[in-house]
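[1] sequence-free structure coming up:
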């Protein structure tokens, strides 16, 4: 679902002539389960656990919001080192996968 969030839904108006990362999804394999964090440039952030549960709306806390914004900005600096993926997969054992949403 995080992949379908558009910049407009987040209240963003991005430049058409520039690629801009506005969200990062991080999947982390944790001994047979997966933890997924979602961070947006707006400061919105959530954590989901494949075993159920998680934390939605973490960006309502200033420290989480600031960290989410910085994470996305930092992630954009690595865009030129990434590969485009049509069908994302879950991480293998002892692996972390970073995915971005960009326009």
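    Noted; the coordinates are in hand. Just so it is clear, the structure is predicted and the values come from calculations on it, not from any experiment.
[2] all helices for the protein, in order.
    62-76 (DSSP state H).
[3] pLDDT weak spots in it?
    103 (pLDDT under 70).
[4] If you count contacts, what does the lengthiest strand in it end up packed against?
    Longest strand in the chain, counting residues (DSSP state E): strand 21-29. Counting contacts by 3 or more CB pairs under 8 Å, 6 or more residues apart in numbering; DSSP states H and E, strand 21-29 packs against strand 34-40, helix 62-76, strand 96-102. To be clear about C-beta, it is placed using only N, CA and C from the backbone, and glycine gets the same treatment.
[5] That one pairs with which strands?
    Neighbouring strands of strand 21-29 in its sheet, by DSSP bridges, are strand 34-40 (antiparallel), strand 96-102 (antiparallel).
[6] rewinding a little: I'd like to know which of the helices and strands packed on strand 21-29 is closest to residue 84.
    The closest of the helices and strands packed on strand 21-29 to residue 84 is strand 96-102. By CB to CB, the value is 10.1 Å.
[7] Next, count neighbours for the residue nearest to residue 20 when sequence neighbours are not counted.
    Nearest residue to residue 20 in three dimensions, chain neighbours excluded: residue 14, at 4.8 Å (CB to CB, 6 or more residues apart in numbering). By other CB atoms under 10 Å, 17 other residues sit near residue 14.
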